[in-house]
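1. Task: produce atomic coordinates for the following.
(one chain, ligands or ions: 1)
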Amino acid sequence: MSFKIKVDDELCMGAQRCMFLAPEAFDLTEEGIAEVTDAGTLTLEQAEKVAYECPNMAIIVEKD
Ligand code: SF4
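-> Prediction:
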């Protein structure tokens, strides 16, 4: 199943949990907000785990 993953920059507080769990998929912008740099490195299962682990529920996974 394909999916999209994005960060809600209104909710992200830059805790960097996503970068710890999936450093190849996330990076921090100059504003201190996470952004998805390479969603292709994640499986759907990994994406859902990172979203679950985000303390601010700022990571949104949309299944196609
Ligand atoms: S884990 Fe959530 S709050 Fe922390 S940087 Fe990533 S998206 Fe932002």
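2. so where is this structure shaky, pLDDT-wise?
-> Within the chain, not a single segment meets pLDDT under 70.
3. could you redo the last one with a cut-off of 80?
-> Low-confidence segments of the chain (pLDDT under 80): 1.
4. The ligand contacts on that one?
-> 7, 12-18, 34, 54-56, 58-59 (Cβ under 6 Å from any ligand atom). C-beta: built from backbone N, CA, C; applies to glycine.
5. switch to 5 Å and redo it
-> When proximity is defined as Cβ under 5 Å from any ligand atom, the chain approaches the ligand at Val7, Cys12, Met13, Gly14, Ala15, Gln16, Arg17, Cys18, Ala34, Cys54, Asn56, Ala58.
6. Buried ones from those, can you make that a ChimeraX selection?
-> What follows is the ChimeraX syntax selecting those of the residues of the chain next to the ligand that are buried according to 16 or more other Cβ atoms under 10 Å:
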select :7,12,17,18,34,54,58
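7. longest helix of the protein?
-> Determined from DSSP state H, the single longest helix within the chain is helix 44-53.
8. which other helices and strands contact that helix?
-> strand 3-7, helix 17-21, strand 59-63 (3 or more Cβ pairs under 8 Å, 6 or more residues apart in numbering; DSSP states H and E).
9. Return the set of buried residues in that helix.
-> For helix 44-53, the neighbour count (16+ other Cβ under 10 Å) marks Ala47, Glu48, Val50, Ala51 as buried.
10. Just the CA trace of that helix, in CSV.
-> Output in CSV follows, covering the C-alpha atoms of helix 44-53 (Å, rounded to 0.1, in the frame of the first residue of the first chain):
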residue,chain,number,x,y,z
LEU,A,44,4.2,2.2,6.0
GLU,A,45,4.8,0.4,9.2
GLN,A,46,7.8,2.6,10.0
ALA,A,47,5.9,5.7,9.1
GLU,A,48,3.0,4.8,11.4
LYS,A,49,5.4,4.0,14.2
VAL,A,50,7.2,7.4,13.9
ALA,A,51,3.8,9.2,13.7
TYR,A,52,2.7,7.3,16.9
GLU,A,53,6.0,8.3,18.7
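11. All good on my end, thank you.
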